[in-house]
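Compute the structure for the input listed below.
(one chain, ligands or ions: 1)
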Amino acid sequence: MSGAFPDEFLWGAATSAYQIEGSPLADGAGPSNWHVFAHTPGCIAGNENADVACDHYHRWREDIAVMRELGLQSYRFSLSWSRVLPEGTGRVNRPGLDFYDRLVDGLLAAGIEPWPTLFHWDLPQALDERGGWANRDCAEWFADYARVVFARLGDRVDHWMTLNEPWVVVDGGYVFGVHAPGKRDLALAPLAAHNLLRGHGLAVRCLRAEARGQVGIVVNLEPKDADSDWPADLEATRRADAYMNRWYLDPLVKGRYPDEMRDIFGANWPTFPADDFKLITEPIDFLGLNYYTRSVNRADAAARPVGASPVRQDGAVYTETGWEVRPGSLREVLGWIKSRYGDLPIYITENGAAFADPSPDQGGRVADRPRLDYFRGHLQAVRDAIADGVDVRGYFAWSLLDNFEWACGYEKTFGLVQVDYATQERTIKDSGRFYRDVIASNGLALDA
Ligand code: IFM
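Got it, this is the predicted structure:
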């Protein structure tokens, strides 16, 4: 399939608060659990933290200018909950909210649609100390925070996202302990997942009652293929698929968890109140899909809790994060969403790749060909999925800027724009120039 994208297709790029803003405690903000985690020795590669990151907190005007250079029509960012509510609940920190107010106004003045996400992993530390997402009350705390944000920005924002990748919050933060809050507790994980979903539902209700605009949730999906036709591999792959791809979408759309969750969590899987699913299935306007890779799986009883291990594929290209480059799986997963969950409008809210980049050459060029190829292949896959009849309405490249890649620190770079952390100089990479041409031609540049 070649040619242009639909006329109304939306082009953007994405970031998140803790990964780019820096100054996490400025102007009255409280610490987030990511701030505390990153300052705990041994949690982040090289013991790095996001105290400065891309200094976007001070350089947001310059970053909007870069967005304009790229021709972005929309910008997906997240708000830091603990900037807005330093203790997580109660007292509002006006300067924190003012920052996002200025950012939204700056984007609108530049002709760029703001697409905020309310929660992209950085929970106020004060709430973590009260049990975090494993505490049932966290859903209500989240809704109270959402209400404060809607009241301030709701007159200018048309599209909201509640949560980013709840699967990662739980898998990284409560199952494997490699993300904040660093827990490894199979009893807490199902509770945290459930309360994230309840928080999402409450925030949707709050938006419907008190604000305007469309709202969605962002999930990260990864097609799971089996390494062989052996029953054990097929079953392990089915569990891996339930764990990563259906754990959140099934309750959101079908109002129940996949049966496999009991096999995975055993006695740790609780029975949840039936009424909770009325809240969780609160209708949304769109689904945000973050797609990076697929995985091929084989049975591995030692790989708890799922009992499946990924198998590296000979001849495949892998990114610096060890993710197989496979655009065809993006087309496939888009078709799978449509067939399993119906015709939800979909935005690709993240897609991109970490590759080692060269420094700018004498002419200021950053020649990041592998990333450019990654974007070309995946955008072609999106176009194919649209031709298949999937209602994909927009695409946000991950990421606008190189940034703090969580437990990997700064070493893994995903940006369309390189950041020199010593000088904070921004340089648009070749992939960024390519993406600019794709946007300007509404996709025709993919075929050039
Ligand atoms: O950097 C992350 C982002 O915060 C969430 N989705 C995946 C990205 C790359 O790992």
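
which parts of the stretch 101-250 of the chain sit against the ligand?
Neighbours of the ligand within the stretch 101-250 of the chain, by C-beta under 6 Å from any ligand atom: Glu165. Every C-beta, even on glycine, is put in place using the N, C-alpha and C of the backbone.

And the helices in the stretch 101-250 of the chain, which stretches?
In the stretch 101-250 of the chain, the helices defined using DSSP state H, counting those that start in this stretch lie at 125-128, 138-153, 166-170, 188-210, 231-241, 249.

Report the residue spans of the stretch 151-300 of the chain with pLDDT below the cut-off.
Scanning the stretch 151-300 of the chain for pLDDT under 70 picks out no residues.

Which stretches in it count as strands?
Secondary structure of the stretch 151-300 of the chain (DSSP state E, counting those that start in this stretch): strands at 159-164, 214-221, 224-226, 286-291, 295-299.

Need the winner for burial among the ones you listed.
Most buried of the strands of the stretch 151-300 of the chain by mean neighbour count (mean count of other C-beta atoms under 10 Å) is strand 159-164; its value is a mean of 25.

Does the spatially most distant residue from the centre of the chain belong to a helix, a strand or coil?
Going by C-alpha atoms, centre = their mean, the residue of the chain most distant from its centre is Gln362, 34.6 Å out. When classified by DSSP: H, G, I helix; E, B strand; the rest coil, Gln362 comes out as coil.

Need the per-residue pLDDT for it.
We have a pLDDT of 95 for Gln362.

From the ligand, how far out is it?
For Gln362, the distance to the ligand equals 31 Å [C-beta to the nearest ligand atom, to the nearest Å].

And for Arg205?
Arg205 is 26 Å from the ligand, by C-beta to the nearest ligand atom.

Now the closest residue to the ligand within the stretch 51-200 of the chain. Nearest residue, chain neighbours left out?
The ligand sits closest to Glu165 of the stretch 51-200 of the chain, with a gap of 5.6 Å, by C-beta to the nearest ligand atom. In space, and not counting its chain neighbours, Glu165 is closest to Asn220: 4.5 Å by C-beta to C-beta, 6 or more residues apart in numbering.

Now do the contacts for that neighbour.
The contact partners of Asn220, by C-beta atoms under 8 Å, 6 or more residues apart in numbering, come to Glu165, Trp167, Val168, Met244, Leu289, Asn290, Tyr291, Tyr292, Glu350.

ok, now Phe272?
His194, Tyr257.

returning to what we had before: okay, and the beta partners of the residue nearest to Glu165?
Beta-bridge partners of Asn220, counted by DSSP bridges, are Asn290.

Pull the contacting residues for Val169.
By C-beta under 8 Å, 6+ apart, the contact set of Val169 is Trp121, Trp133, Leu163, His179, Ala192, Leu196.

okay if I get these as TSV plus distance to Ser329?
Below are these laid out as TSV (distance: C-beta to C-beta, whole Å):
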residue	distance to Ser329
Trp121	24
Trp133	29
Leu163	23
His179	24
Ala192	28
Leu196	25
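
about what we covered before: test my guess that the residue of the stretch 51-200 of the chain closest to the ligand contacts Asn290.
Yes - the pair Glu165 / Asn290 is scored as a contact, 6.1 Å apart, by C-beta atoms under 8 Å.

Mutual contacts of those two, please.
Val218, Val219, Asn220.

for Thr423, helix, strand, or coil?
For Thr423, the assignment made with three-state DSSP gives coil.

how many neighbours does it have?
Applying other C-beta atoms under 10 Å, we find 7 residues neighbouring Thr423.

tell me the pLDDT at Met1?
Per-residue pLDDT puts Met1 at 75.

one step back: will you turn the helices of the stretch 101-250 of the chain into JSON lines that also has distance to Leu416?
As requested, these are arranged in JSON lines below (distance: least, C-beta to C-beta, whole Å):
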{"stretch": "helix 125-128", "distance to Leu416": "32"}
{"stretch": "helix 138-153", "distance to Leu416": "25"}
{"stretch": "helix 166-170", "distance to Leu416": "22"}
{"stretch": "helix 188-210", "distance to Leu416": "29"}
{"stretch": "helix 231-241", "distance to Leu416": "31"}
{"stretch": "helix 249", "distance to Leu416": "28"}
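
pLDDT wise, what is Ile386 at?
For Ile386, the model assigns a pLDDT of 98.

Return the set of residues that bridge with the residue nearest the centre of the chain.
Closest to where the C-alpha atoms of the chain average out (C-alpha atoms, centre = their mean) is Asn164, at 4.4 Å. Counting by DSSP bridges, Asn164 forms beta bridges with Val218.

what residues are up against it?
Residues near Asn164 by C-beta under 8 Å, 6+ apart: Ser16, Ser78, Thr117, Phe119, His120, Trp121, Val218, Gly288, Asn290, Thr349.

redo that, cut-off 10 Å
Shown in contact with Asn164 (C-beta atoms under 10 Å, 6 or more residues apart in numbering): 14, 16, 76, 78, 117-121, 217-220, 288, 290, 349-350.

swap in Ser2?
Counting by C-beta under 10 Å, 6+ apart, Ser2 touches Gln380, Arg383, Ala387, Gly443, Leu444, Leu446, Asp447.

try 6 Å
Ser2 sits next to Asp447 when contact means C-beta atoms under 6 Å, 6 or more residues apart in numbering.

for the one 10 residues further on, same thing?
With contact taken as C-beta under 6 Å, 6+ apart, Gly12 is in contact with Leu72, Ser74, Tyr75, Arg76, Phe396.

Okay, the second one and Leu344: tell me how far apart.
Counting by C-beta to C-beta, to the nearest Å, the gap between Ser74 and Leu344 amounts to 19 Å.

same thing with the fourth one?
Arg76 sits 18 Å away from Leu344, going by C-beta to C-beta.
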